[in-house]
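**Student:** heads up, no residue letters with this:
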């Protein structure tokens, strides 16, 4: 009698193991979210296409949406990371916010690009997740020196030099989370209009509330998404957020 009762249990265990292994070996899936309730960046379609290309080249499945109704507990479970691509304003309601908090608390990944810091000013949890809020920016897209502060991260490990000179819209920030780990800063002496002083973070990462978060301030222009180094920077941030690289 014991043998007959043990066999079904063994079969169930075997099937469960196979299912878990299949899920672990599957292609990681990310969601690129680009809803805007404020300024709408013209570079968003270019950014989406660039991330889709990165996905195709690096074994990542990429879904895209502007639909906040997809932020449910059940739907978010399928994604290894959610990318906020130049979102602006109040993009999620309270139920959707709660679902995203649950997602991160369950080990989900977050990637913020450019205007992701110009998002959800009234949601304090999000402010700590993204790492700071947008304050202002000087006119245009000045050329400036970005200083690589940490090369021991997939979003910066490929840089040969510590100075990266490039053109972009240069955000000033407020409410910087002191727990973030800064990957690069911008040298305010190389352009006009900086407001954060000698230490002006432009990209960072941290573990937060059970998940992983990465942010980069770059990505205002279409040209950003054809820069080889910027694309490697984004890819490394995604890989960190989904846990395939530390």
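**Tutor:** Nice, I can see it. In this text, all values refer to a predicted model and were calculated from it rather than measured experimentally.
**Student:** okay, and for this structure, where does confidence drop off?
**Tutor:** 1-25 (pLDDT under 70).
**Student:** For it, which segments count as strands?
**Tutor:** All strands of the chain, identified by DSSP state E, fall at 29-33, 61-65, 81-85, 109-113, 133-136, 143-148, 163-167, 172-174, 181-186, 201-208, 211-216.
**Student:** so which of those strands comes closest to residue 102?
**Tutor:** Distance to residue 102, taken as Cβ to Cβ, is lowest for strand 211-216 among the strands of the chain, at 10.4 Å. For glycine as for every other residue, the C-beta is placed from the backbone atoms N, C-alpha and C.
**Student:** And the closest one, what does it pack against?
**Tutor:** When contacts are defined as 3 or more Cβ pairs under 8 Å, 6 or more residues apart in numbering; DSSP states H and E, strand 211-216 sits against helix 94-105, strand 109-113, helix 124-130, strand 201-208, helix 228-242.
**Student:** Of all the ones you listed, which one is nearest residue 55?
**Tutor:** Nearest of those (Cβ to Cβ): helix 228-242, 8.7 Å.
**Student:** Of all the residues in that closest one, which ones are buried?
**Tutor:** For helix 228-242, a neighbour-count test (16 or more other Cβ atoms under 10 Å) marks 230-242 as buried.
**Student:** Now do that helix against strand 143-148, angle only.
**Tutor:** If you take axes from the mean of the first three to the mean of the last three Cα atoms, to 10 degrees, helix 228-242 sits at 40 degrees to strand 143-148.
**Student:** Identify the residues contacting helix 228-242?
**Tutor:** 28, 30, 50-51, 54, 58, 60, 80-81, 83, 109-111, 113, 153-159, 164, 166, 203, 205, 211-216, 218-219, 224-225, 245-246 (Cβ atoms under 8 Å, 6 or more residues apart in numbering).
**Student:** Filter those residues down to the buried ones and hand me the PyMOL line.
**Tutor:** Command for PyMOL, covering only those of those found buried under the criterion 16+ other Cβ under 10 Å:
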select buried, resi 28+30+50+51+54+60+80+81+83+109+110+111+113+153+154+155+156+159+164+166+203+205+211+212+213+214+215+216+218+219+224+225
